[in-house]
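>>> okay, here's the prediction I keep looking at, along with the sequence it came from:
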Amino acid sequence: MALIDESISVDRRLRMSEATAGDYIALLKPRVMSLVVFTAFVGLVAAPHSLNPFIAIVAILAIAIGAGASGALNMWYDADIDAVMKRTVNRPVPAGRVLPGEALGFGLVLSALSVMTLGVIVNWLSAALLAFTIFFYAVIYTIWLKRSTPQNIVIGGAAGAFPPVIGWAAATGTVSLESVILFLIIFLWTPPHFWALALFKADEYGRAGIPMMPNVAGEASTRKQIFAYTLLIAPVGVLPWAFGFTTAGYGIVALALGLGFIWYAWKVLVMPDSDRVMKPAKALFGYSLLYLFVIFAAYLADSVVERVLAAPGV
């Protein structure tokens with residue numbers, strides 16, 4: 001019997017999975033990747049220097065591949081906790097469709113490919129920033145912070161905030177105050193966005209042993225911290241106009257979006273403890289996604305319109 005069990009164990013280690021192309025695409029976390037690509041594209045287009053269209057496409061593709069590589073590495077390491085959470089149990093690794101070693105190899109190869117492509121074809125500053133972002137997300141956040149501190153999202157949010165800076169660096173070869181403000185918008189947006197999710201997914205995070213803020217500090221403290229962060233992000237979202245980087249049109253949109261963020265966070269703050277459905281938290285989570293997309297879309301539109309109007313003969 002022992003020989004049979006050992007044979008089965010060896011077979012499991014040596015066998016190849018029967019993953020489909022869709023499973024490998026799922027490893028890239030395409031929904032997260034789409035947001036990364038969009039914010040990187042905004043940084044690239046808003047930058048004062050224009051890239052050759054081919055180089056620009058290569059830059060965006062490399063950033064997208066790097067973001068996907070981060071997702072694959074995250075799924076490789078988090079397979080154990082993904083297996084006990086309802087919203088992640090069907091991911092390719094915990095579901096057994098992709099073997100852990102395959103996910104690791106896939107992520108490492110894509111990481112190297114994306115960084116080298118960006119460095120050789122675009123510039124090495126943007127490549128270095130992409131490499132640091134992948135490392136930060138896969139090692140600092142996933143391996144270290146996520147399982148060790150309720151501040152995991154606060155510090156780890158830096159990884160998701162770098163794409164517009166990378167896009168800016170790809171276009172200009174530099175990092176500017178304007179790109180840093182774009183970084184700050186995403187960085188400050190991350191805690192209220194994920195803590196809203198954590199409020200109505202606290203049981204799942206608890207089963208997985210992840211020290212999310214509601215599980216460690218309690219719901220009341222989390223609601224207060226969410227509100228505090230929205231009071232920070234609302235004015236930061238207006239900074240591009242305040243510094244003269246955009247027109248008043250963007251400023252008005254950003255101000256309205258920020259006030260909406262505060263309103264939804266206020267509804268969470270005063271949410272009765274008896275509300276176990278947590279409709280205000282779910283509404284805030286949905287609004288936060290809309291906020292980030294619209295504010296970056298407004299930034300992109302403002303940059304494009306301003307550049308067109310400034311063109312000779314217009």
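Sure thing, it's come through. These figures come from a predicted structure and were not determined experimentally.

>>> for this structure, what helix or strand is lowest in average pLDDT?
The weakest-scoring helix or strand in the chain, judged by mean pLDDT, DSSP states H and E, is helix 2-14 (a mean of 42).

>>> for residue 283, what are its contacts?
Contacts for residue 283 (CB atoms under 8 Å, 6 or more residues apart in numbering) come out as 264, 267. Where you see a C-beta, it was placed from the backbone N, CA and C, and this is true even at glycine.

>>> how is it assigned, secondary-structure-wise?
Under the three-state scheme (DSSP: H, G, I helix; E, B strand; the rest coil), residue 283 adopts helix.

>>> where does the prediction get shaky in the protein?
Residue ranges of the chain with pLDDT under 70: 1-17, 276, 310-314.

>>> about what we covered before: next secondary structure element downstream of the least confident helix or strand of the chain?
helix 21-27 (DSSP states H and E).

>>> tell me what whichever helix or strand comes after that next one is packed against?
For helix 21-27, the following helix or strand on the C-terminal side (DSSP H and E) is helix 30-46. In terms of contacts (3 or more CB pairs under 8 Å, 6 or more residues apart in numbering; DSSP states H and E), helix 30-46 is packed against helix 53-77, helix 152-161, helix 163-172, helix 177-200, helix 279-310.

>>> let's have these in JSON lines, adding distance to residue 209.
Conversion of these to JSON lines gives the following (distance: least, CB to CB, whole Å):
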{"stretch": "helix 53-77", "distance to residue 209": "14"}
{"stretch": "helix 152-161", "distance to residue 209": "12"}
{"stretch": "helix 163-172", "distance to residue 209": "29"}
{"stretch": "helix 177-200", "distance to residue 209": "14"}
{"stretch": "helix 279-310", "distance to residue 209": "22"}
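
>>> please work out which of those helices is packed deepest.
Stretch with highest mean neighbour count among those: helix 163-172 (a mean of 28; mean count of other CB atoms under 10 Å).

>>> what angle do it and helix 53-77 make?
150 degrees (axes from the mean of the first three to the mean of the last three CA atoms, to 10 degrees).

>>> next, the angle from helix 163-172 to helix 177-200.
Going by the same axes, to 10 degrees, helix 163-172 makes 160 degrees with helix 177-200.

>>> now helix 163-172 and helix 30-46, what's the angle there?
40 degrees.

>>> so residue 46 makes contact with residue 168?
Yes: using CB atoms under 8 Å, residue 46 is in contact with residue 168, at 7.3 Å.

>>> which neighbours do the two have in common?
178, 182.

>>> was I right to think residue 267 contacts residue 284?
Yes: Residue 267 is in contact with residue 284 according to CB under 8 Å; the separation is 7.2 Å.

>>> contacts for the helix or strand that residue 107 is a member of?
Per DSSP H and E, residue 107 falls inside helix 100-117. Contacts to helix 100-117, defined as CB under 8 Å, 6+ apart, come from residues 16-17, 19, 24, 27, 58, 61-63, 65-66, 68-73, 75-76, 79, 92-93, 98, 127, 130-131, 134, 138.

>>> check stretch 59-68 too.
Contacts for stretch 59-68 (CB under 8 Å, 6+ apart): 27-30, 32-33, 36-37, 40-41, 44, 51, 110-111, 113-115, 117-118, 121-122, 126, 130, 133-134, 163, 166-167, 170-171.

>>> not counting sequence-adjacent ones, nearest residue to residue 302?
Excluding its sequence neighbours, the residue lying closest to residue 302 (CB to CB, 6 or more residues apart in numbering) is residue 250, at 4.1 Å.

>>> for the one you found, give me its contacts.
240-241, 298-299, 301-302.

>>> turn the residues you listed into TSV, including distance to residue 148.
Output for the contacts of residue 250, formatted as TSV (distance: CB to CB, whole Å):
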residue	distance to residue 148
240	35
241	38
298	37
299	34
301	41
302	40
